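Novice: my questions are about this predicted structure, shown below with the sequence.
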Amino acid sequence: MSAPDDAIHEPDDRLGDHPGEVGADAAAGTGGAAPQSTELLVITGLSGAGRSTVAHVLEDLGWYVVDNLPPQMLTPLAQLAAQAGGAVPKVAVVLDVRGRGFSTDLAAALAEVRVRRSTVFLEASDAVLVRRFESVRRPHPLQEEGRILDGIEAERELLRDLRASADVVIDTSDLNVHQLAAEVTRAFGEDEVTRLRLTLLSFGFKYGLPTDADHVVDVRFLPNPHWVPELRPLTGRDAPVSDYVLGQDGAEEFLDRYAAALQPVIAGYQREHRRYATVAIGCTGGKHRSVAMTLALAERLARLGGGEGAPVLRVTHRDLGRE
């Protein structure tokens with residue numbers, strides 16, 4: 001029974017029937033017949049969360065993509081790719097729930113793979129997934145005689161352990177197809193497969209925590225420029241606000257110490273072949289303090305992390321302009 005993960009239908013440019021930066025450590029096998037030049041990327045997650053979109057983007061980026069492969073075929077596929085003599089260095093496999101034994105079968109299959117491999121898990125909120133299924137008028141694969149939400153809940157339970165062990169978790173609830181494509185391209189579009197893409201994300205706590213954050217920083221310990229009349233209409237991008245925020249007691253000290261504390265974390269991510277991580281810096285509304293501190297942290301990390309293996313830094317402001 002097919003889910004709405006095969007095409008995008010929503011007119012508002014959201015992730016219609018598919019689609020969701022970051023779970024546990026990457027597992028990298030080193031033995032067996034397949035050489036380390038072969039890389040296997042497993043794409044899985046909730047039905048309706050965006051697997052097909054990710055597959056299409058990876059194919060455009062030069063990956064050899066196999067859709068709906070049974071988990072038991074992962075090892076033979078990796079061996080075939082290795083026997084191709086480097087002609088197929090990047091293989092992506094899209095896996096979805098086909099039965100109650102899916103999670104156990106996949107865990108066993110991943111344990112047997114002897115090439116460098118990573119797992120990407122796509123998810124979205126229940127409300128978004130229900131809307132996507134309803135928009136294409138298709139049942140959920142695990143819905144049976146119940147509601148769409150029953151199928152979603154069953155699938156979440158089946159995939160709970162797999163999500164916990166995934167190398168990258170992407171929540172697509174607030175992404176349209178173009179935004180998801182951009183995220184995938186940033187994470188997997190370059191040849192330097194071990195280089196970390198580190199996103200520094202400002203946000204407002206009143207709008208909720210970013211679901212894909214690996215680290216969350218609360219900068220509400222600093223005075224709020226919102227209560228300074230001449231600063232209220234400005235943002236953390238403006239020099240008067242930045243000067244005010246960074247001039248507060250503890251601001252510069254915090255940035256220096258936190259940037260230094262991130263250095264061994266980044267180095268560890270590099271060693272474990274993590275591709276993608278997000279540090280979220282939050283204030284009340286995501287307009288003043290978090291924006292200024294995010295930009296200042298990016299500057300410090302850029303100075304500290306120079307060199308060929310330095311992470312690729314990206315700064316984004318989730319809630320700026322939302323008020």
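Specialist: Right, received. Where do you want to start?

Novice: use CA for all of it now, contacts and neighbours both
Specialist: Noted.

Novice: now do the SS call for Ala92.
Specialist: strand (DSSP: H, G, I helix; E, B strand; the rest coil).

Novice: who does it form a beta bridge with?
Specialist: Leu41, Val65 (DSSP bridges).

Novice: which residues are in contact with it?
Specialist: Contact analysis of Ala92 by Cα atoms under 8 Å, 6 or more residues apart in numbering lists 40-43, 55, 58, 63-66.

Novice: change it to 7 Å
Specialist: 40-42, 63-66 (Cα atoms under 7 Å, 6 or more residues apart in numbering).

Novice: what's the answer for Ile281, then?
Specialist: Going by Cα under 7 Å, 6+ apart, Ile281 touches 201-203, 216-219, 290, 294.

Novice: pLDDT weak spots in the stretch 101-250 of the chain?
Specialist: 101-104, 190-195 (pLDDT under 70).

Novice: do a quick rundown of the strands in it.
Specialist: Per DSSP state E, counting those that start in this stretch, the stretch 101-250 of the chain carries strands over the ranges 116-123, 168-171, 197-204, 215-218.

Novice: mind putting those strands into TSV with distance to Leu80 and mean neighbour count?
Specialist: Converted to TSV, the strands of the stretch 101-250 of the chain look like this (distance: least, Cα to Cα, whole Å; neighbours: other Cα atoms under 10 Å):
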stretch	distance to Leu80	mean neighbour count
strand 116-123	15	25
strand 168-171	25	25
strand 197-204	30	25
strand 215-218	38	16
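
Novice: before we move on, back to that, pick out whichever of the contacts of Ala92 sits closest to Ala181.
Specialist: Proximity of the contacts of Ala92 to Ala181 was ranked by Cα to Cα; the top entry is Trp63 with 14.2 Å.

Novice: wait, isn't that closest one in contact with Lys90?
Specialist: Yes - with contacts counted by Cα atoms under 7 Å, Trp63 reaches Lys90, the gap being 5.2 Å.

Novice: and which of the contacts of Ile281 is nearest to Arg186?
Specialist: Nearest member of the contacts of Ile281 to Arg186, counting by Cα to Cα, is Leu201, at 15.0 Å.

Novice: where's the residue lying closest to the closest one once chain neighbours are set aside relative to Leu196, distance?
Specialist: Closest residue to Leu201 apart from its sequence neighbours, by Cα to Cα, 6 or more residues apart in numbering: Ala280 at 4.6 Å. Per Cα to Cα, to the nearest Å, Ala280 is found 16 Å from Leu196.

Novice: again with Ser165
Specialist: 18 Å.

Novice: so between these two, which is more surrounded?
Specialist: With neighbours defined as other Cα atoms under 10 Å, Ser165 and Leu196 compare such that Leu196 has more, 24 against 19.

Novice: which residues touch that one?
Specialist: Counted by Cα under 7 Å, 6+ apart, Leu196 has contacts 270, 274-276, 311-312.

Novice: now, which of those residues lie within helices?
Specialist: By the criterion of DSSP state H, membership of the contacts of Leu196 in helices covers Gln270.

Novice: need the contacts of Leu196 in JSON lines with distance to Val113, can you?
Specialist: Conversion of those to JSON lines gives the following (distance: Cα to Cα, whole Å):
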{"residue": "Gln270", "distance to Val113": "21"}
{"residue": "Arg274", "distance to Val113": "18"}
{"residue": "Arg275", "distance to Val113": "19"}
{"residue": "Tyr276", "distance to Val113": "22"}
{"residue": "Pro311", "distance to Val113": "27"}
{"residue": "Val312", "distance to Val113": "29"}
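
Novice: which among the contacts of Leu196 end up buried?
Specialist: Among the contacts of Leu196, those scoring as buried are 270, 274-276, 311-312 (criterion: 16 or more other Cα atoms under 10 Å).

Novice: looking at those residues, which is nearest Asp174?
Specialist: Within these, the smallest distance to Asp174 is 18.2 Å, found for Tyr276 (Cα to Cα).
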